[in-house]
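**Q** fold the following and give me the result.
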Amino acid sequence: MVVARALRDAGMEVVYVGNQMPPSIVAAALDEDADVVGLSSLSGNHIVLAPEVVRMLRERGTKYVPVILGGTIPRDDWPTLKDSGIAAVFGPGSSLHEIVSFIRTVHDAQKCKN
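**A** Numbers count the residues shown, from 1 in each chain. All right, here's what the predicted structure looks like:
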């Protein structure tokens, strides 16, 4: 919720769906015409669930919707996650400014592609 509030404070529209499985996350992203999908993992399931969200989004034709991930993600997992299509991983200690800046950058890049 801290990141969601920071994004709202930065003027972004945030749709928070809580703890959901990939099909529900993808459905919400499609329903809301999301520009970015942000995931949070504190339970160690990131290595399976986050790539599944990316895969399902791509299957549904959302080629330019970046998926970012935050939480207690071991650095050893970051390369695997990025190889699976995760645009960025924000671990403990990441600043809210860094997250907001990254989202603005990828959002601006998306506008250039469309």
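**Q** S41 touches A50, doesn't it?
**A** Yes. Between S41 and A50 there is a contact under C-beta atoms under 8 Å: 6.8 Å. Glycine gets a C-beta too; all of them are placed from N, C-alpha and C.
**Q** look at the two and report which has more neighbours.
**A** Neighbours were counted for S41 and for A50 using other C-beta atoms under 10 Å; A50 has more, 28 against 19.
**Q** what does the host helix or strand of the more buried one contact?
**A** A50 belongs to helix 46-59 when assigned by DSSP states H and E. Identification of contacts with helix 46-59 by C-beta atoms under 8 Å, 6 or more residues apart in numbering yields 21-23, 25-26, 29, 37, 39, 41, 65, 67, 69, 71, 73, 77, 80-81, 84-86.
**Q** now the buried members of the residues you listed.
**A** For the contacts of helix 46-59, a burial check counting by 16 or more other C-beta atoms under 10 Å picks out 22, 25-26, 29, 37, 39, 41, 65, 67, 69, 71, 73, 77, 81, 84, 86.
**Q** okay, and which of these map to helices?
**A** Using DSSP state H, the subset of these located in helices is P22, I25, V26, A29, L81.
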